[in-house]
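Student: Could you work out the structure for the sequence below:
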Amino acid sequence: KLYKLYKYDIIKHIEGAFTFIVWDKKEQVLFGARDRIGIRNLFYSYVSGHGFIVSTKLKEICKVDFFDKRLDVNAIYHYLFIKSFEQPSTPFLKVKSLLPGHYFTVKDGELDIQKYWDINIHRKSKESITSATNNLKNKIDYYLRNFFSKNMLGSSAIMLSGGLDSSYLTAIMSKLSNKPVNTFTIKFGDEGKRNDESYYARLVSKRLNTNHTEVIIDDELISQKLNQYISSLDTPVANSGYKLLAIIDLPEIADIDYIFSGEGADTLFGLDSRWEQYEKMEKILLPMRLIPESIREIIYSIFMKITK
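Tutor: From the prediction side, this is the model:
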């Protein structure tokens, strides 16, 4: 109904995380879009002589008989250094990810991709750092409160580490909720004591009066969940998203509709010093990208034989 009313301008009337695909039978046009910052995925592939494949799940594209299964060596190279695929690349050479803030149309076999939104960066702004910082803090607070006020329908929970991100979100949720917020903290076995965040999570939970649960992940649980975790992925990731799988089967989760986590601030605000190391390594290895892919594969195979 919304598409019939607004056509391609439908995007201006949708907020939050989304991807969608519409087949316009009258115009014979396939139309699809991805949300502004790419929370949801949308993959596509054009196979000559067969047609256009599009799906929100990469695994579904892999099931198509005429799918081209050749790997993208360059994309995998970037993944190994930055822990994610540099969009629009995917592990497969002929499959791309629609960029955030973009939409596509396919008509008469022709694919057309257009940008409908981007971050407006004022590089020559005369605003002081103090003023810009205060404005940013106010906007973050406003948008998070606005988001939670719309999305805390039913029961909610948050993955609480005791760090700044998750603690801030828990504080906002606690103010908006008329009952204690459900919080969960992941602990590891004896081998994970050095990275145990449960102490700080308990401090935050006590201060905000949350309904807190600690979950211990040991070797046995990891072995049980590993295949399930890998099979649930579309593209490899190297972040803490796997923690959700550790609690998803708990009885305490049964009546919870939404699980939130404080992810992304380090990347968004450049707080992780590892990104500087990755950038330096990229510069050192940049000449490797000038070597033809076929030769790189030979070098790699020789290296693997030597290191065995």
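Student: only C-alpha atoms for contact and neighbour calcs from this point on.
Tutor: OK.
Student: In the chain, mark out all the strands, start to finish.
Tutor: 19-24, 29-34, 43-47, 51-55, 96-97, 102-107, 110-115, 156-159, 182-188, 211-217, 258-261 (DSSP state E).
Student: Dump the second one to PDB, keeping only the CA atoms.
Tutor: Taking Å, rounded to 0.1, in the frame of the first residue of the first chain, the C-alpha atoms of strand 29-34 are listed here in PDB:
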ATOM      1  CA  VAL A  29      10.200  -3.100 -12.400                       C
ATOM      2  CA  LEU A  30      11.900  -4.800  -9.500                       C
ATOM      3  CA  PHE A  31      12.600  -2.200  -6.800                       C
ATOM      4  CA  GLY A  32      14.600  -2.800  -3.500                       C
ATOM      5  CA  ALA A  33      16.200  -0.700  -0.800                       C
ATOM      6  CA  ARG A  34      18.400  -0.900   2.300                       C
END
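Student: From the contact counts, what lies against that strand?
Tutor: If contacts are counted by 3 or more C-alpha pairs under 8 Å, 6 or more residues apart in numbering; DSSP states H and E, strand 29-34 sits against strand 19-24, strand 102-107.
Student: can you do 10 Å?
Tutor: With contacts taken as 3 or more C-alpha pairs under 10 Å, 6 or more residues apart in numbering; DSSP states H and E, strand 29-34 sits against strand 19-24, strand 51-55, strand 102-107, strand 110-115.
Student: What of the fourth one?
Tutor: In terms of contacts (3+ C-alpha pairs under 10 Å, 6+ apart), strand 51-55 is packed against strand 19-24, strand 29-34, strand 43-47, helix 58-62, strand 96-97.
Student: and the angle from it to strand 19-24?
Tutor: 140 degrees (axes from the mean of the first three to the mean of the last three C-alpha atoms, to 10 degrees).
Student: In strand 51-55, which residues are buried?
Tutor: For strand 51-55, burial by neighbour count (16 or more other C-alpha atoms under 10 Å) applies to 53-55.
Student: And those, which is closest to Ile37?
Tutor: Ser55 (18.1 Å; C-alpha to C-alpha).
Student: Just the pLDDT for the residue lying closest to the closest one once chain neighbours are set aside.
Tutor: Of all residues not flanking Ser55 in the chain, Phe43 sits nearest, at 5.4 Å (C-alpha to C-alpha, 6 or more residues apart in numbering). As predicted, Phe43 sits at a pLDDT of 96.
Student: ok, how many other residues are close to Phe43?
Tutor: Counted by other C-alpha atoms under 10 Å, the residues lying close to Phe43 total 22.
Student: what's the closest of the helices and strands packed on strand 29-34 to Lys187?
Tutor: Closest among the helices and strands packed on strand 29-34, using C-alpha to C-alpha: strand 19-24, at 34.0 Å.
Student: now the helices for the stretch 101-250 of the chain?
Tutor: 129-151, 164-176, 198-208, 219-232, 243-247 (DSSP state H, counting those that start in this stretch).
Student: Which of those comes out lowest on mean pLDDT?
Tutor: Lowest mean pLDDT within the helices of the stretch 101-250 of the chain: helix 243-247, at a mean of 66.
Student: what's across from Ile259 in the sheet?
Tutor: Beta-bridge partners recorded for Ile259 (DSSP bridges): Ala157.
Student: coming back round to it: pLDDT and distance to Lys124 added to the buried residues of strand 51-55, as TSV?
Tutor: Compiled in TSV, the buried residues of strand 51-55 are given as follows (pLDDT from 0 to 100; distance: C-alpha to C-alpha, whole Å):
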residue	pLDDT	distance to Lys124
Ile53	93	42
Val54	94	40
Ser55	94	40
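Student: out of these, who's nearest Ala254?
Tutor: Ala254 has its nearest neighbour among the buried residues of strand 51-55 in Ser55, at 29.1 Å by C-alpha to C-alpha.
Student: Relative to Asn195, how far out is the closest one?
Tutor: Distance of Ser55 to Asn195, computed by C-alpha to C-alpha, to the nearest Å: 38 Å.
Student: sorry, back to before: turn the buried residues of strand 51-55 into CSV, including distance to Glu15.
Tutor: Below are these laid out as CSV (distance: C-alpha to C-alpha, whole Å):
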residue, distance to Glu15
Ile53, 26
Val54, 22
Ser55, 21
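Student: still on that earlier bit, and the strands of the chain as CSV, adding distance to Leu71?
Tutor: Formatted as CSV, the strands of the chain follow (distance: least, C-alpha to C-alpha, whole Å):
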stretch, distance to Leu71
strand 19-24, 25
strand 29-34, 24
strand 43-47, 13
strand 51-55, 17
strand 96-97, 12
strand 102-107, 24
strand 110-115, 22
strand 156-159, 35
strand 182-188, 35
strand 211-217, 33
strand 258-261, 32
